[in-house]
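# Mind looking at a prediction? Sequence and model below.
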Amino acid sequence: MSAAENGRAIRVMTAAELKDRIRRGNPPAFGEVDAVTCGTFGVMSGTMAVLSFQAAEAGVFEKAVSVTINGVPAAVGPCPNENNGFIDLIVLGTSVSKKNEKYGGGHLFKDLVSRRKTEAEIQTSSGFLTKELTLDEMNTARLIVTRGSFKNYSAFANAAASPVLTIFSVLPLQGNCAEITVSGCGEINPAQNDPSLRHHRPGTRVLVNGAEGVLLGTGTRSSNEKPNLSAAADMFCMDPDLMGGFVTSKGAECLTSFATVIPVSDEETFAALQITDAGIPLPVMDVSSRRPVSDTVYADVWQGTDLEITVLKEKCVRCEECVASRTCPAGALETPFMISKNCVSCLTCTVSCESGVYSANGGTVLIDGKNAPIHLRQSDRRRGEKAASLLKSKIESGEWVI
Ligand code: SF4
Ligand code: SF4
């Protein structure tokens, strides 16, 4: 399918545009749209990078033994690169810097894609060397997502009496199901719109962090009921705004995005695309026992809620230490009330700053007759939509042939 299909422009909608039409009671009929682009952005722990670069002239060292980049430990190999000065590495998105516990593999990947200088510290079999390094000095830099773009997530609450620290929280998750943490982009998610993955086969082209990549298949722990995707893409063309690092109360995590296109090839495909947030179950589990405590749908997360944070800087009382800055998981608040473009609208600052400088309606979930507020979103719907819009524009311009 090309940009000009049968002599006419190909008709592409993003999933967000399609769902808005459905909600407004004006859905396109089958045959009125040729393709729908989907997207998702959020914490995807199963992301790693394969990096390779020349660290020294041939013969300077026999083999690298251990390597960190910006303090983030890497696994050396699998190729040994004996005496040739090259180093091959695998860096996990969840590796934590030895120099800064709030900096991990996800932050490093974003810094590399942003063309920032990084520092490699290399222990070799015969000594130690350091090397300043940018992405463009690498001969290979590829991200591999071993598990991402989950169709179904669970929301989490803490049913115990005391707060707990978990990978699903930034601040301690308060007890007695007093608050909720959520993940997933709901109705715009690729697998949500193609639940049997008929259009997400191994070899399908996808955008990973805005760069063209390829689906490798389903990811680890994928099942028919809860599918997720595995993909690979080179880092050189990635968009730093569609990726990054995130720090939960258990350590550094990796933010990753996917965008895929679903050709509306038959009525079964078209029927699957009709799903909206109101029809997507979101079970609420106790974070420790993993037993269900409630049930909701993604409409409670993404419909009628605020996708961005409002800042009222006049409310700032200039605390001795700005707790909002200290706890922002995306490093978007280096200065109080000055939110940078790193913000992923996770809601943490709306809770951590007790002076009300930051506000957003994050929605609520009913548990045992009480409304528990959503206090953390580990996915950013705006960026999921941005990834899907980017793919739509590539198709419409003819750069991407379906
Ligand atoms: S926590 Fe809130 S009130 Fe205190 S310095 Fe930070 S932004 Fe200002
Ligand atoms: S919503 Fe607040 S805490 Fe979350 S990333 Fe944005 S600025 Fe940081």
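Received, thanks. Ligands and ions are numbered 1, 2, ... in the order given.
# By residue count, tell me the biggest strand in the chain.
For the chain, the longest strand by residue count, based on DSSP state E, is strand 251-263.
# That strand: partners in the sheet, and parallel or antiparallel?
Sheet pairing for strand 251-263, assigned by DSSP bridges, gives strand 35-43 (antiparallel), strand 205-208 (antiparallel), strand 244-248 (antiparallel).
# what domains does the record give for this structure?
Following automatic domain parsing, one gets these domains for the chain: 46-144, 306-360.
# residue in the stretch 151-300 of the chain nearest to ligand 1?
residue 171 (12.7 Å; CB to the nearest ligand atom). In this view, the C-beta of every residue, glycine as well, is placed from N, C-alpha and C.
# Burial check on that residue, number of neighbours?
19 (other CB atoms under 10 Å).
# which regions of the chain sit below the pLDDT cut-off?
For the chain, the stretches flagged by pLDDT under 70 are 1-8.
# Which one of the strands paired with strand 251-263 lies nearest to residue 100?
For residue 100, the closest of the strands paired with strand 251-263 is strand 244-248, at 10.1 Å, according to CB to CB.
# Name the residue most distant from the centre of the protein?
Of all residues in the chain, residue 59 has its C-alpha farthest from the mean position, at 40.7 Å, by CA atoms, centre = their mean.
# where's the closest residue to that residue other than its chain neighbours, which helix or strand?
Leaving aside its chain neighbours, residue 59 sits nearest to residue 83 (5.8 Å; criterion: CB to CB, 6 or more residues apart in numbering). Using DSSP states H and E, residue 83 falls within no helix or strand.
# Name the helix or strand for the residue farthest from the centre of the chain, please.
Counting by DSSP H and E, residue 59 is part of no helix or strand.
# I'd guessed it sits against residue 85; true?
Yes. Residue 59 is within contact range of residue 85, at 7.4 Å (criterion: CB atoms under 8 Å).
# Okay, and the beta partners of the nearest residue to residue 204 once chain neighbours are set aside?
In space, and not counting its chain neighbours, residue 204 is closest to residue 215: 4.4 Å by CB to CB, 6+ apart. Residue 215 has these beta-bridge partners by DSSP bridges: residue 231.
# Next, the contact list for residue 215, please.
200, 201, 202, 203, 204, 205, 206, 229, 230, 231, 260 (CB atoms under 8 Å, 6 or more residues apart in numbering).
# And it, how close does it get to residue 394?
Distance, residue 215 to residue 394, using CB to CB, to the nearest Å: 17 Å.
# Kindly report the same for residue 355.
Plainly put, residue 355 is 44 Å away from residue 394 if you go by CB to CB.
# now swap in residue 208 and tell me
When residue 208 is compared with residue 394 (using CB to CB), they lie 14 Å apart.
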